[in-house]
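**Q** Need the 3D shape of this:
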Amino acid sequence: MIYTSAKTGVTGLIHTGKCILRGVMFVGDTSKEPTLTLANSITDATDPKVFCMVSDEQHTFFAWFGDEGLPCSLGIYATLSAVEGDFIVYYEIK
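**A** Below you'll find the model as predicted:
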């Protein structure tokens, strides 16, 4: 079963424990060009799996990581560079 984080706009823990990162939807303020990093971690972005950015040309970012997804052994931690963005993370618990 695929789960989603609540829509959020803050840095923080998405899930603790082994899981598969399935996808991400990121919407940001194009004038600020925020970035979002999703990492295999429960405390910070030291093991990045995904880096997302919106620019002055594109204010949305969506990625789906296929049938296998991106395995995360520790969990998923999201780091947002600025408060001018919202995101939803899709993951599966294994």
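
**Q** Enumerate every residue touching the one residue sitting closest to the centre of the chain.
**A** The residue lying closest to the centre of the chain (CA atoms, centre = their mean) is residue 38, at 4.3 Å. Contacts for residue 38 (CB atoms under 8 Å, 6 or more residues apart in numbering) come out as 14, 21, 24, 45, 48-50, 52, 76-78, 89. For every residue, glycine as well, the C-beta is placed using N, CA and C.

**Q** Swap in 6 Å and give it another go.
**A** 49-50, 76, 78 (CB atoms under 6 Å, 6 or more residues apart in numbering).

**Q** Output those residues as a markdown table; include the columns secondary structure.
**A** Shown next, in a markdown table, are the contacts of residue 38 (DSSP: H, G, I helix; E, B strand; the rest coil):
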| residue | secondary structure |
| --- | --- |
| 49 | strand |
| 50 | strand |
| 76 | strand |
| 78 | strand |
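
**Q** Pick out whichever of these sits closest to residue 63.
**A** For these, the residue nearest residue 63 by CB to CB is residue 50; the value is 6.9 Å.

**Q** and the gap between that closest one and residue 85?
**A** In this view, residue 50 and residue 85 are 14 Å apart by CB to CB, to the nearest Å.

**Q** Ok, residue 72 next?
**A** Applying CB to CB to residue 72 and residue 85 gives a distance of 21 Å.

**Q** Brilliant, that's me finished.
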